[in-house]
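Chemist: What would the 3D arrangement of this be:
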Amino acid sequence: MQNAKELFLHELSDMLDAENRILEALSEQGDESSNSSLQSAFRSHYKQTEGQIERLEQCFEVIDEEVEQTECAGIKGLLEEHESMVEEDPSPDILDVFNIAAAIKVERYEISSYEFLIRLAENIEQAKIVKLLKQNLKEEEQALKKLSTLATEIEPENMGSDESDEERESAENEAREMAEEENAHSRPHIVKKSGPRKGRAA
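Modeler: As a prediction, this is how the structure comes out:
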């Protein structure tokens, strides 16, 4: 690899592999999501990703080059995290929360990749390709915004405590009593001083 065009073609092929992997992952995540809003977000982005793949293929046509056989190690690694999580047999709500975070990681990776591709396309003076890539970038930014909003709305149902309400209330009362006792011992004792005794009258 000796020049900007060769680097661009490599990165373009890398991005095409990434989008094809992401397309498959979005299908799985849409099916396994228990939250309806999350299902809708994944399925909507699935359709966007299909269009993004078509634009990347158009980029190769514009520059009259064949697609290189590459493997996007970055996206592959992120998607392997998802597979590892599924093997842990998470509850549906926990898997939803994990999938949102995983999807946000993927979107940020894609945004950085498209920004880099656009700079390279500008360097080799490929205005039509720049336009196609900017459309993909815009959609990734929209997807990130939607997922970030969902991340603030969807939370785990189980926050990690196995205690019953009665046990939790008992522990809270005990802690409160201990705090009150410590405060009582730490208060300074106030000793009232008596005034000067009056002498007896002669």
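
Chemist: contacting residues around Phe42?
Modeler: Contact analysis of Phe42 by CB atoms under 8 Å, 6 or more residues apart in numbering lists 26, 29-30, 33, 99, 103. Where C-beta positions appear, they are placed from N, C-alpha and C, glycine not excepted.

Chemist: make it 7 Å
Modeler: With contact set as CB atoms under 7 Å, 6 or more residues apart in numbering, Phe42 has these partners: 26, 29-30, 33.

Chemist: Near Ile100, how many residues? Count them for me, please.
Modeler: Using other CB atoms under 10 Å, Ile100 is surrounded by 23 other residues.

Chemist: do Gln52 as well
Modeler: That count, for Gln52 with other CB under 10 Å as the rule, works out to 26.

Chemist: And the one helix or strand it maps to, what's buried?
Modeler: Secondary structure from DSSP states H and E places Gln52 in helix 36-63. By neighbour count on 16 or more other CB atoms under 10 Å, the buried set for helix 36-63 is 38-39, 41-42, 45-46, 48-49, 52-53, 55-56, 59-60, 63.

Chemist: Can you list the buried residues in stretch 114-121?
Modeler: By neighbour count on 16+ other CB under 10 Å, the buried set for stretch 114-121 is 114, 117-118, 120-121.

Chemist: about what we covered before: and the contacts of Phe42, which is closest to Val67?
Modeler: Nearest to Val67 among the contacts of Phe42, counting by CB to CB, is Leu26 at 21.2 Å.

Chemist: if I pick that closest one, what's in contact with it?
Modeler: Leu26 makes contact with 42, 45-46, 49 under the criterion CB under 7 Å, 6+ apart.

Chemist: Where does pLDDT dip in the protein?
Modeler: Residues of the chain that meet the criterion pLDDT under 70 lie in 158-202.
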